[in-house]
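# Below are the sequence and a predicted model for it; my questions follow.
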Amino acid sequence: MSLKRTARLAGILYFVTCIPAPFALLYIPSALVVREDAAETARRVLASEMMLRLGIACELVTAVAFLFVVLTLRRLFRGVHSEQSA
């Protein structure tokens, strides 16, 4: 794989990690969590179980995609300095 193609792949993967992250990190907690009221938080979680599952799935997609970003960046920087990229 060429250096340019590897760099583009790393950029695309990094962008993919940024798509579901705001939903999972900002919207889900603000919709489900009530500060200093555990009973209301539990009620919201039980009422919106699908939203909680979707938030967990978004977090999982983000984490897995970020692993591929790291592997792609390692491949990209291996040509610059192989010891430090490992």
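All right, it came through fine.
# In terms of helices and strands, where is the spatially most central residue of the chain?
Relative to the mean C-alpha position of the chain, the nearest C-alpha, by CA atoms, centre = their mean, is the one of residue 62, at 2.1 Å. Per DSSP states H and E: residue 62 is located in helix 49-78.
# tell me the contacts of the residue nearest to residue 28 when sequence neighbours are not counted?
Leaving out its chain neighbours, the residue that sits closest to residue 28 by CB to CB, 6 or more residues apart in numbering is residue 55, at 3.6 Å. Yep, even glycine has a C-beta here, placed from its N, CA and C like the rest. The contact partners of residue 55, taken as CB atoms under 8 Å, 6 or more residues apart in numbering, are 23, 24, 28, 32.
# could you flag which of the residues you listed are buried?
When these are checked for burial by 16 or more other CB atoms under 10 Å, the buried set is 24, 28, 32.
# Isn't the last one up against residue 42?
No - the criterion here is CB atoms under 8 Å, and residue 32 misses it with residue 42 at 9.7 Å.
# pretty sure residue 10 contacts residue 70?
No - here residue 10 lies out of contact with residue 70, judged by CB under 8 Å, at a distance of 9.3 Å.
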